[in-house]
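Novice: Sequence first, predicted model second:
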Amino acid sequence: MFERVLTATDMLDACDAPVIIALEVAKQNQGKLFVLHVLEPSYFHECGPVESVKHFKTGEEIAASPEYKEVVKAELDKKCAGALKPYGHYQIDISYGKPSIEIRRWSRKVGADLIVLGPHAGKIEEENALIGIPIGNTVEDVIMNTTIPVMIIGRLLPKEKLNYYLEHDPLKIGKKYLFQAGYTEDKISEIEREVNIEIEQAIEFAKASEEMSEVEFLQFVEEY
């Protein structure tokens, strides 16, 4: 279905989630993957953007020259080599300008039939500074001004955070204390099943509240 998949990444220190998911979509359809990285101007002059960028390693102001674009392209290719090289049917491009405009321009240029983007523009530490809807202004602009499907991908959960959630799973902690309190494995399993039922009912409760009128909702609350 999707044979020419375009994804854009603003990260050069890792191969991020949109690239990985876009690759899987391309694989499933035996299509070609286009990976775009847009160099943003360091600042804008009143007559338009000044063609200088901050070096991705040093932060130094440099010209957005063809040579620098090749350096960035090589770095991105290296960071994503483990995922992209085995498939092989991909292309990395480096552009310069406003990300939303460049993404749309390149989608037309390569004849993309799907665009895969992350929900936020900028680095993770900048997420709280976003203006506009939660997906970010870049993605919003692309969605509003393109005629092809756009897939939004959440960021991969960092390993440390995933481990924290696993270690602090309330069911896991509860089972530990119940076991220490002398409960049998069968009794703990029974309690776990009851808790899961309560969670499922709470989820259904939340879903129903979005679909009901105020009167229906109040009746549902009484029954619940």
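Specialist: Arrived safely, thanks for sending.

Novice: CA atoms for contacts and neighbours, from now on please.
Specialist: Noted.

Novice: pull the CA atoms of the helix or strand containing Ile92 into PDB?
Specialist: Element membership of Ile92, judged by DSSP states H and E, is strand 90-96. Coordinates of each C-alpha in strand 90-96 appear next as PDB, following Å, rounded to 0.1, in the frame of the first residue of the first chain:
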ATOM      1  CA  TYR A  90      16.600   3.700   1.600                       C
ATOM      2  CA  GLN A  91      17.800   7.200   0.900                       C
ATOM      3  CA  ILE A  92      19.000   9.900   3.300                       C
ATOM      4  CA  ASP A  93      18.600  13.500   2.400                       C
ATOM      5  CA  ILE A  94      19.700  16.700   4.200                       C
ATOM      6  CA  SER A  95      17.800  19.900   3.500                       C
ATOM      7  CA  TYR A  96      17.900  23.400   4.900                       C
END
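
Novice: which parts of it are buried?
Specialist: Buried residues in strand 90-96, counted by 16 or more other Cα atoms under 10 Å: 90, 92-96.

Novice: Tell me the one among those nearest to Ala112.
Specialist: Distance to Ala112, by Cα to Cα, is smallest for Tyr90 among the buried residues of strand 90-96, at 12.7 Å.

Novice: From what I see, that closest one and Val35 are in contact.
Specialist: Yes - assessed by Cα atoms under 8 Å, Tyr90 is found in contact with Val35 at 7.5 Å.

Novice: Domain ranges for this protein, per the record?
Specialist: 4-152, 159-223 (automatic domain parsing).

Novice: quick check: mean pLDDT across the shortest one?
Specialist: Summarised as a single mean, pLDDT over domain 159-223 is 64.

Novice: what sits up against whatever helix or strand Asp77 lives in?
Specialist: Here Asp77, judged by DSSP H and E, is contained in helix 66-79. Contact with helix 66-79 is made by 12-15, 92-95, as judged by Cα atoms under 8 Å, 6 or more residues apart in numbering.

Novice: how about those residues, which pair is most distant?
Specialist: The distance between the two most remote of the contacts of helix 66-79 (Cα to Cα) is 18.7 Å, for Ala14 and Ser95.

Novice: Which stretches in this structure count as helices?
Specialist: For the chain, the helices defined by DSSP state H cover 17-28, 66-79, 81-84, 99-109, 137-144, 159-167, 170-180, 185-211, 214-223.

Novice: What distance do you get for the nearest residue to Val38 once chain neighbours are set aside to Ala22?
Specialist: Spatial nearest neighbour of Val38, chain neighbours left out: Ser95 (4.7 Å); criterion: Cα to Cα, 6 or more residues apart in numbering. Here Ser95 is placed at a distance of 19 Å from Ala22 (Cα to Cα, to the nearest Å).

Novice: and what of Gly31?
Specialist: 10 Å.

Novice: Residues that sit against both of the two, list them.
Specialist: With Cα under 8 Å, 6+ apart as the test, Gly31 and Ala22 both reach Val5.

Novice: Look at the two and report which has more neighbours.
Specialist: Between Gly31 and Ala22, counted using other Cα atoms under 10 Å, Ala22 has the larger neighbour count: 26 against 18.

Novice: pLDDT at Asn145, what is it?
Specialist: 93.

Novice: Much appreciated, bye for now.
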